[in-house]
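Visitor: no sequence for this one, just the structure:
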């Protein structure tokens, strides 16, 4: 079983890589991928960098070069949901790209041309594992749509627009691209985000203060998934070993 992990920031990947044994690092397409073992699970971990282009490049390189059975995109996000506070967890039921807009030619906002989708569904299996792990650790977890765009959202009007247009619970800058690449390649994925800011006028101050701790929460849960993945039967993939 191979689990791919894509992180936007180095701090997230460092926590995961530190838990690996038998580590090996190689470069593919200008991006470094570290492979190793966490328990009996083979993990491929990479820092993609910030933004959708880097995230898409990283996901495609990982799929072509390492053939993961699943991909997790881990990191931090701004909350769009009043029930989610700093340190809480948002898990993707689906991902959207809030800055994709060809409405000028009659398409609905967010439509991804080529796959004709706005919402790209995430793995319910992986999402349920994350939810169970978070609950056991006493961490509040909300499952919903996670919206991505090449923008750091720190404006109340932008926050309201994304929430109204897509019904999203959190916003960030990579998950929608990872989701698009995984959807095209038929690789089950999930996006996990620890909340680091309110995506409003306070985001500029909150993000530097809370991003590190929030990233640690997200990465710790990802490590736990790798440790437990083989212990669970996945109805989405009948080849899963017990």
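Guide: Yep, it's here. Only a predicted model underlies this, so the values are computations on that prediction, with no experimental measurement involved.

Visitor: if I pick residue 172, what's in contact with it?
Guide: Each residue near residue 172 by CB atoms under 8 Å, 6 or more residues apart in numbering is listed here: 8, 75-78, 146-148, 191, 193. C-beta here means a position set from N, CA and C on the backbone, and glycine is covered the same way.

Visitor: now it, which residues is it bridged with?
Guide: Legend: beta-bridge partners of residue 172 under DSSP bridges are residue 148.

Visitor: for residue 21, same thing?
Guide: With DSSP bridges as the rule, residue 21 is bridged to residue 37.

Visitor: Could you give the number of residues near residue 102?
Guide: Residue 102: 13 surrounding residues under other CB atoms under 10 Å.

Visitor: nope, residue 83 is what I meant
Guide: By other CB under 10 Å, neighbour count at residue 83 equals 10.

Visitor: what kind of secondary structure is the residue nearest to it when sequence neighbours are not counted in?
Guide: Spatial nearest neighbour of residue 83, excluding adjacent residues (CB to CB, 6 or more residues apart in numbering): residue 142 at 6.1 Å. Three-state assignment for residue 142 (DSSP: H, G, I helix; E, B strand; the rest coil): strand.

Visitor: The helix or strand harbouring residue 191 - contacts with which helices or strands?
Guide: Per DSSP states H and E: residue 191 is located in strand 189-197. Applying 3 or more CB pairs under 8 Å, 6 or more residues apart in numbering; DSSP states H and E, one finds that strand 189-197 contacts strand 70-79, strand 89-97, helix 124-136, strand 168-172, helix 175-185, helix 203-228.

Visitor: what's the spacing between the spatially most distant residue from the centre of the chain and residue 111?
Guide: In terms of distance from the mean C-alpha position of the chain, residue 105 ranks first, at 30.2 Å (CA atoms, centre = their mean). Applying CB to CB, to the nearest Å, the value for residue 105 to residue 111 is 10 Å.

Visitor: do the same with residue 147
Guide: 14 Å.

Visitor: Compare the two and say which is more crowded by neighbours.
Guide: Taking other CB under 10 Å, residue 147 and residue 111 do not tie; residue 147 has more neighbours (31 against 18).

Visitor: Which pLDDT does the model give the more buried one?
Guide: pLDDT recorded at residue 147 is 96.

Visitor: my guess is it contacts residue 173, does it?
Guide: No: if you go by CB atoms under 8 Å, residue 147 and residue 173 don't touch, sitting 10.0 Å apart.

Visitor: Could you report the neighbour count for residue 213?
Guide: Residue 213: 13 surrounding residues under other CB under 10 Å.

Visitor: which residue packs closest to it, ignoring adjacent ones?
Guide: In this structure, residue 213 finds its nearest non-sequential neighbour in residue 87, 7.0 Å apart by CB to CB, 6+ apart.

Visitor: what do you get for residue 54?
Guide: Using CB to CB, 6+ apart and skipping the chain neighbours, the partner closest in space to residue 54 is residue 48 (4.8 Å).

Visitor: For the contacts of residue 172, pick the one with the most neighbours.
Guide: Going by other CB under 10 Å, residue 191 tops the contacts of residue 172 with 34 neighbours.

Visitor: what sits opposite that one in the beta ladder?
Guide: Applying DSSP bridges to residue 191 gives these bridge partners: residue 73.

Visitor: That one and residue 120: what is the separation?
Guide: 10 Å.
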